[in-house]
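**Q** Predicted model follows, preceded by the sequence.
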2 protein chains.
Amino acid sequence: MVAPIVPVEGLVVTASNGIRSHDSVINLDHGDPMIYEKFWKETGDVSSFKIQGWENMSYFSDRSNLCWFLHHEFASQIRRIHRLVGNAFADENCHIVVGNGSTQLFQAALYALSTHPSLAETCRPIPVVSVVPHYSGYPAATDVLQSALYKWAGDANSFDPHATDPFIEVICSPNNPDGLLNNSVFKQITNNIHDLAYYWPQYTPITNAADYNIMLFTVSKCTGHAGSRLGWALVKDKDVASRMVQFVELGTIGVSKDSQLRAATILRAVADGYEEGGGYKLFHFGRKVMTERWDRLRQVLMANGAFSLLEYPPPAYCGFMREKTSHLPAFAWLKYEGNLDIEDTANFLRTKHNMLTRSGKHFGTDSKYVRISLLEREETFNIFIDRMSSIF
Amino acid sequence: MVAPIVPVEGLVVTASNGIRSHDSVINLDHGDPMIYEKFWKETGDVSSFKIQGWENMSYFSDRSNLCWFLHHEFASQIRRIHRLVGNAFADENCHIVVGNGSTQLFQAALYALSTHPSLAETCRPIPVVSVVPHYSGYPAATDVLQSALYKWAGDANSFDPHATDPFIEVICSPNNPDGLLNNSVFKQITNNIHDLAYYWPQYTPITNAADYNIMLFTVSKCTGHAGSRLGWALVKDKDVASRMVQFVELGTIGVSKDSQLRAATILRAVADGYEEGGGYKLFHFGRKVMTERWDRLRQVLMANGAFSLLEYPPPAYCGFMREKTSHLPAFAWLKYEGNLDIEDTANFLRTKHNMLTRSGKHFGTDSKYVRISLLEREETFNIFIDRMSSIF
């Protein structure tokens, strides 16, 4: 998931040819995964999708399925990609709930957990917590309608589970914004939501198949098709899955079949690239480019010493890549440590260096930190590195 | 919009060839617009849509637009179809907000109106009312999260505006379920939501261009592409439009571009059919089939006398069809008046005649009434007429 977007009108200057001039503003605020565009251009017609005007017009995909708006082709490609990568258990024992992005599924999970029949009204609103720094989209999405069912309660580390029970913990791993591998603080099982948007081989070693009650994934961070607004949840409990389906039903009466069918084509191309010897290897492409970008970023950071970077876990054996691989987070999570007296790093980068980044304060921590997307197009990343090298 | 769907598992029996056997259950509960499938098959490749794997991957469509996730091609086809049909003012003075179906836009409008800066916390939750019989989806969509911002308050006719002010009135015209032309009860302007999903020439005469502050439309009922989950709102006030955009942003981070681009192709084919002499005339096709269906239904109802039908307004001059046209609602709204002692007509039709319809109780009235979709495929409609003729 990406954070809710606060458009900065008129700030983004892009030449018609797509190349940004060097005094223009570059946007690294969002996790817009344009890094994958190059890969998909190389695949050519293998990944193109065509649909006739009369196809898939109905609201329904499969009336007999618990998730009646889930298209079977998309479902089978989801199970296939998880089998291929080995990052999550997605066999027939778990229910797939499709959503308009994993953002909708996050809210569907909050709804499903907070409406459990066993919960007395008096328990509500149920607190929702996550370890700081947490994804900036969680609080806003949780509290948008001031629901009587659940309420954002902030940092899991400063939350007293005995004072309020039940509660819901959201675990994002690899974590947005800092890329660290988070675990549940409270080790509860039923009321955890696991956001695994970045648990793919290009970002982190796949060390085991995740096997949680509620696991959220999104096409955006896997293949880069953010514009398709498509996520999926792997859910063990049938009743929880049913209530998640009900939430998506009440909110949007299902999910675009056009997107599901296109995404099925995209996921099939990814799996075929590995299993049918198509030659196109998305995750290898992702690792290659992300490795180059992290190397260049580290060189710049070492050279100017103005920013401190986190210590990531050592490389680990990735069952998918069949070798030890390092952590290559989608975002750089930086703290300004330079000579200038700067409290708000994001503001400093925006006003002095024409770079839009996201301040740490949106992630529950202080504004010395910034989250910077490393998933933008090559020319944008080059300008970013160029400008970073001038900061001391 | 259609009502939230309560799947009736195992009830729908359809042969693999799509033809339903005569003892099978037919589903007329939803407004699934399969009636248009035949039309789109006839258009052939004119309405087919193709997209390359690398196209439209970004979250963003137009960062400079208030609705940053609205694709300009879809926007221009929306303005074009309204110009062509003349059913609503959609010039550059109004803002287009795209949503995952008009269901999401209905909730976005509730959010936008109930978060107006001028409203003190003490006003909330703001009552939401609509004339009975009202669309069955409004109450559930309004109260799903038990929001502190707004709350369903039922029938507008039994609501005292002086007791609680402000309040929000939803006007659906032509009305779902009964097809009547509704007007605002309270004649307020700013807090009205006008659901115009069925204000298209195949259902009703286009007597004027609607010009309300918030108008909701959906691709589903216009062209039949319900599976694309795409609706649009025409909004006059910039701040209201901004808050609607914020709601869609927080809920689903925008709307599928795949759907928007496919829908642009579909709407272009509709407009070209009239303006470029393509020969394909969607609204004429719709009127032709709906006229046949209403004629057959009226014959059956007159013959068996078991059901009473509403009196619809007399034919009126349709500015689009350039002739007087009659009302051809998408649903039949029937009351059982037969010899049997039946209180729950929908239950009677389901258990005795294998037909799924929607009970009047879901629309705020009594269960003597049923809403029956007239938009299903031909073979389903034929079975429906066949079975109705056997009821006395």
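**A** Looks like it arrived, so ask away.
**Q** From here on, just use CA atoms for contacts and neighbour counts.
**A** Will do.
**Q** what secondary structure does A:Arg83 sit in?
**A** Put simply, A:Arg83 is helix when judged by DSSP: H, G, I helix; E, B strand; the rest coil.
**Q** check contacts around it.
**A** A:Phe89, A:Ala90 (CA atoms under 8 Å, 6 or more residues apart in numbering or on different chains).
**Q** try A:Leu234
**A** By CA under 8 Å, 6+ apart, the contact list for A:Leu234 reads A:Ala90, A:Cys94, A:His95, A:Ile96, A:Val97, A:Asn213, A:Ile214, A:Met215, A:Leu216.
**Q** In strands, which of these fall?
**A** A:His95, A:Ile96, A:Val97, A:Ile214, A:Met215, A:Leu216 (DSSP state E).
**Q** Number of residues surrounding the last one?
**A** Read that as A:Leu216. For A:Leu216, the count of nearby residues is 28 (other CA atoms under 10 Å in any protein chain shown).
**Q** next one: A:Lys288
**A** A:Lys288: 12 surrounding residues under other CA under 10 Å.
**Q** How about A:Thr351?
**A** Neighbour tally, A:Thr351, other CA under 10 Å: 12.
**Q** Name the residues of stretch A:267-275 that are buried.
**A** Judged by neighbour count (16 or more other CA atoms under 10 Å in any protein chain shown), stretch A:267-275 contains these buried residues: A:Leu267, A:Arg268, A:Ala269, A:Val270, A:Ala271, A:Asp272, A:Gly273.
**Q** Need the three-state assignment for the closest residue to the first one other than its chain neighbours.
**A** Yep, that's A:Leu267 we're talking about. Spatial nearest neighbour of A:Leu267, chain neighbours left out: A:Gln77 (6.1 Å); criterion: CA to CA, 6 or more residues apart in numbering or on different chains. Under the three-state scheme (three-state DSSP), A:Gln77 adopts helix.
**Q** My understanding was that A:Gln77 contacts A:Ala264; is that so?
**A** Yes: between A:Gln77 and A:Ala264 there is a contact at 5.9 Å, judged by CA atoms under 8 Å.
**Q** picking up where we left off before, what about the residue nearest to A:Leu267, distance to A:Thr265?
**A** 8 Å (CA to CA, to the nearest Å).
**Q** again with A:Ser61
**A** A:Ser61 is 17 Å from A:Thr265, by CA to CA.
**Q** quick one on the thing from earlier: could you check the pLDDT of the residue nearest to A:Leu267?
**A** Predicted confidence (pLDDT) for A:Gln77: 98.
**Q** and the gap between the residue nearest to A:Lys238 when sequence neighbours are not counted and A:Tyr274?
**A** Nearest non-adjacent residue to A:Lys238, counting by CA to CA, 6+ apart: A:His95, 7.0 Å away. As judged by CA to CA, A:His95 and A:Tyr274 stand 26 Å apart.
**Q** cool, and A:Ile78?
**A** Look at A:Ile78 and A:Tyr274: by CA to CA, they are 15 Å apart.
**Q** same question, A:Leu180
**A** Remark: distance between A:Leu180 and A:Tyr274 (CA to CA) = 28 Å.
**Q** A:Trp152 now?
**A** On the measure of CA to CA, A:Trp152 and A:Tyr274 end up 42 Å apart.
**Q** the longest helix in chain A is where?
**A** Taking DSSP state H as the criterion, chain A has its longest helix at helix A:282-304.
**Q** ok, then the element right after it?
**A** Beyond helix A:282-304 on the C-terminal side, the first helix or strand identified by DSSP states H and E is strand A:307-309.
**Q** Which residues belonging to that next one are considered buried?
**A** Within strand A:307-309, the residues scored as buried using 16+ other CA under 10 Å are A:Phe307.
**Q** Sheet partners, orientation included, of that strand?
**A** Sheet pairing for strand A:307-309, assigned by DSSP bridges, gives strand A:331-336 (antiparallel).
**Q** ok now the strand it pairs with, how far from the chain's centre?
**A** Remark: strand A:331-336 is offset 17 Å from the chain centroid, using CA atoms, centre = their mean, to the nearest Å.
**Q** contact partners of that strand?
**A** With CA under 8 Å, 6+ apart as the contact definition, strand A:331-336 has outside contacts at A:31, A:176-179, A:306-310, A:342, A:345, A:368-375.
**Q** What's the mean pLDDT across that strand?
**A** Across strand A:331-336, pLDDT averages out at 97.
**Q** Quick one: distance of stretch A:247-257 to the chain centre.
**A** 20 Å.
**Q** cool, stretch A:268-279 as well?
**A** When C-alpha coordinates are averaged (CA atoms, centre = their mean), stretch A:268-279 and its chain have centres 23 Å apart.
**Q** same check, this time on stretch A:329-336
**A** Centre-to-centre, stretch A:329-336 and its host chain are 15 Å apart (CA atoms, centre = their mean).
**Q** Strands of the stretch 101-250 of chain A, residue ranges please.
**A** Counting by DSSP state E, counting those that start in this stretch, one finds strands in the stretch 101-250 of chain A at the ranges A:126-130, A:150-155, A:168-172, A:192-195, A:214-218, A:231-235.
**Q** Please save the CA atoms from the last one in CSV.
**A** It refers to strand A:231-235. Taking Å, rounded to 0.1, in the frame of the first residue of the first chain, the C-alpha atoms of strand A:231-235 are listed here in CSV:
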residue,chain,number,x,y,z
GLY,A,231,-4.9,-6.4,-4.0
TRP,A,232,-5.7,-9.7,-2.5
ALA,A,233,-6.0,-11.2,1.0
LEU,A,234,-5.3,-14.8,2.0
VAL,A,235,-7.7,-15.6,4.8
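**Q** partner strands of it, parallel or antiparallel?
**A** For strand A:231-235, pairing defined by DSSP bridges yields strand A:95-99 (antiparallel), strand A:214-218 (antiparallel).
**Q** so can I have a markdown table of the ones you listed showing mean pLDDT?
**A** Shown next, in a markdown table, are the strands paired with strand A:231-235 (pLDDT from 0 to 100):
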| stretch | mean pLDDT |
| --- | --- |
| strand A:95-99 | 98 |
| strand A:214-218 | 98 |
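**Q** want to try JSON lines for those strands, with distance to A:Asn65 as columns?
**A** Shown next, in JSON lines, are those (distance: least, CA to CA, whole Å):
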{"stretch": "strand A:95-99", "distance to A:Asn65": "10"}
{"stretch": "strand A:214-218", "distance to A:Asn65": "18"}
